[in-house]
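>>> predicted model and sequence below, questions to follow.
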Amino acid sequence: METIQSFAASYINDPVQRTKERNAVIEDAAAKYLGKLKTCSCEDWYLDQLLLLIKIMDRKSEYVLKAGVVMDIPFTHEGLTISAFNITDELAELHLATDPSKLRNFTEYPKNAKGAWKVPSVSALEAMAEEHGVTIHEDVMEAAQTNAKNVAAMQKANADKAKKADVAGAKPKAKVATEVVSASTAQATNEGTAEGAEAGAKGAESTDELGNI
Amino acid sequence: MVGADPYEALCNGIAASVDPSCKTSFVGGFKDRLIIIPFEAIDRDPLDVSGMKITQIALKSGKVAYYIRAKKYAHVPTSEFVPNNKGEDRWKHVVGTVIQVDDVESKTFLNQLAGHRYVVIAEKNVASGNEKNAFEVYGYDSGMWLTASSINSQDGDSKGAYVVSLESNEMSLELFSPRTFDVGTYANTQTAVESLLIPAV
């Protein structure tokens, strides 16, 4: 496909560039990616297949729906349909997060994706809603916000532990010996305090940032 | 695949009444395009069929459907009940059409049709508001084969156009009359039909 990409523009614009070698490359790619064989003597066949191949190269998603599949996303008020014409990674993952059985409708998906779909972040959902002119259902937004809150809570707890560890580490040894040091604080001391400090610094940032899973 | 039996509801006797309305009146005739799907290209799943409705027709990776476009009601999809005194009754699906393009590609298409079985989707004319029932699927269970084709330049009607007929094989007739293809809304079903014509790559 990289070869085709390198000569596609010149092939389309200049008939002189439509050499036998390039036609052979197109014919191979059409058989491999489109399942099409050249059965006619028409010169336009190569150009037609090249345009289809370009469409494939311009594909915007790692998820590929089977031909004929149309899925209705149930979590918008207005209704949003996924098809081969508008699929994006976000739409595919949102649908799979709510109904993993729909994986059967895909012929391709990222290798490490199976079983790991999560509801996208609040900001991703808002961007998706704006792009498609729809309103995300409240339940889905709530799930996204809950995710974001959980992540924020976890990071706050880590930051608190790190602060306590810093305080404990700064006191004279005699005083440390007399204080009760909890198991979690001791653990926080051992773990990277740099991470805790960073989390603490970011703790004040927006929910959207923390919501990115 | 373990799942709902798509045929069970149809085999246990009638379960509802019939009440016509203007919205569901028959109009007659089919639109210009027949979708021809190679039988083996369909990625079948019991969940895709619910009684007399097909809710999804997905194709295997790399497979694609094709179409025949013909003018002036050249497409004539039909079906007939075939009673069986000694066993289960069946239906015969027949799709007649005319290939109206006079070129090498059409000759190639005609000859490639032979020897393989197909499922055909045809969109019929419907009353306004009844668009959900527009798409009919022929040969879904057993496929249809090219059984007749004639080329006669002396014929005043066809003038040499290729008159073809795809039919159910007598040895494997369809279990039911043509089903409705309905993905949920007319718009979604139209989108599904269009996406059948694009290979999934």
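Sure thing, it's come through.

>>> next, the buried residues of the one helix or strand A:Ala162 maps to.
Remark: A:Ala162 resides in helix A:138-170, with elements defined by DSSP states H and E. Buried residues in helix A:138-170, counted by 16 or more other C-beta atoms under 10 Å in any protein chain shown: A:140-141, A:143-145, A:147-148, A:151-152, A:155, A:158-165, A:168. Where you see a C-beta, it was placed from the backbone N, CA and C, and this is true even at glycine.

>>> likewise for stretch B:146-159?
Buried residues in stretch B:146-159, counted by 16+ other C-beta under 10 Å: B:146, B:158.

>>> first vs last residue of it, how far apart are they?
Using C-alpha to C-alpha, to the nearest Å, one end of stretch B:146-159 lies 21 Å from the other.

>>> contacts for stretch A:6-13 next, please.
The contact list for stretch A:6-13 (C-beta atoms under 8 Å, 6 or more residues apart in numbering or on different chains) reads A:17-18, A:22, A:47, A:50-51, A:53-54.

>>> circling back: go back to the buried residues of helix A:138-170 and keep what's next to chain B.
On the criterion C-beta under 8 Å from any C-beta of the partner chain, none of the entries of these sits beside chain B.

>>> what about chain B, any weak spots by pLDDT?
Chain B contains residues with pLDDT under 70 at B:1-7, B:201.

>>> so which residues on it come close to chain A?
B:43, B:45, B:56-65, B:104-105, B:108, B:112, B:183-184, B:187-189, B:191-201.

>>> filter those residues down to the buried ones.
B:43, B:56-60, B:62-65, B:183-184, B:188-189, B:191-201.

>>> what helices or strands is the longest strand along chain B leaning on?
Criterion DSSP state E: the longest strand present in chain B is strand B:26-38. Where contact means 3 or more C-beta pairs under 8 Å, 6 or more residues apart in numbering or on different chains; DSSP states H and E, strand B:26-38 is packed against strand B:66-69, strand B:76-82, strand B:117-126, helix B:186-196.

>>> what strands line up against that strand, and which way round?
strand B:66-69 (antiparallel), strand B:117-126 (antiparallel) (DSSP bridges).

>>> okay if I get the ones you listed as TSV plus mean neighbour count and distance to B:Ala148?
As requested, these are arranged in TSV below (neighbours: other C-beta atoms under 10 Å in any protein chain shown; distance: least, C-beta to C-beta, whole Å):
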stretch	mean neighbour count	distance to B:Ala148
strand B:66-69	17	15
strand B:117-126	21	14
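
>>> format those strands as CSV; extra columns: distance to B:Ile37.
Output for the strands paired with strand B:26-38, formatted as CSV (distance: least, C-beta to C-beta, whole Å):
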stretch, distance to B:Ile37
strand B:66-69, 8
strand B:117-126, 4
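
>>> residues contacting the residue in chain B sticking out farthest from the centre?
For chain B, the largest distance from the centre (C-alpha atoms, centre = their mean) belongs to B:Gln154, which lies 30.3 Å off. Listed by C-beta under 8 Å, 6+ apart, the contact set of B:Gln154 is empty.

>>> helix, strand, or coil at it?
Recorded secondary structure, B:Gln154: coil (DSSP: H, G, I helix; E, B strand; the rest coil).

>>> which stretches of chain B form strands?
For chain B, the strands defined by DSSP E occupy B:26-38, B:49-50, B:53-54, B:66-69, B:76-82, B:90-99, B:117-126, B:135-138, B:144-150, B:162-168, B:179-181.

>>> chain A: strands as residue ranges?
Counting by DSSP E, the segments of chain A that form strands are A:64-65, A:71-73, A:80-82, A:106-108.

>>> which one of the ones you listed lies nearest to chain B?
Closest of the strands of chain A to chain B is strand A:106-108, at 4.1 Å (criterion: C-beta to the nearest C-beta).

>>> direction included, what does the closest one pair up with?
Here, using DSSP bridges, strand A:106-108 pairs with strand A:64-65 (antiparallel).

>>> so what touches the strand it pairs with?
Here strand A:64-65 makes contact (C-beta under 8 Å, 6+ apart) with A:71, A:82-84, A:87, A:105-109, B:195, B:200-201.

>>> now restrict these to buried residues only.
Counted by 16+ other C-beta under 10 Å, those give A:71, A:82-84, A:87, A:105-107, A:109, B:195, B:200-201 as buried.

>>> in chain A, which helix or strand is least confident?
In chain A, no helix or strand scores lower on mean pLDDT, DSSP states H and E than helix A:207-211, which sits at a mean of 37.

>>> what is the burial count for residue 24?
No chain in the question, so chain A it is. By the criterion of other C-beta atoms under 10 Å in any protein chain shown, A:Ala24 has 11 neighbours.

>>> try chain B instead
As a burial measure, B:Thr24 scores 13 neighbours (other C-beta under 10 Å).

>>> contacts only, for it.
So B:Thr24 contacts B:127, B:130, B:133 (C-beta under 8 Å, 6+ apart).

>>> roughly how far does it sit from B:Gln190?
Using C-beta to C-beta, to the nearest Å, one gets 20 Å for the distance from B:Thr24 to B:Gln190.

>>> centre of the chain to the helix holding A:Ala162, how far?
Taking C-alpha atoms, centre = their mean, to the nearest Å, the mean C-alpha location of helix A:138-170 is offset from the chain mean by 23 Å.

>>> flag the shaky bits of chain A, pLDDT-wise.
Residues of chain A meeting the criterion pLDDT under 70: A:35, A:40-43, A:55-60, A:112-117, A:170-213.

>>> helices along that one, start to end?
For chain A, applying DSSP state H gives helices covering A:2-13, A:20-29, A:44-57, A:89-98, A:122-132, A:138-170, A:173-178, A:183-190, A:193-202, A:207-211.
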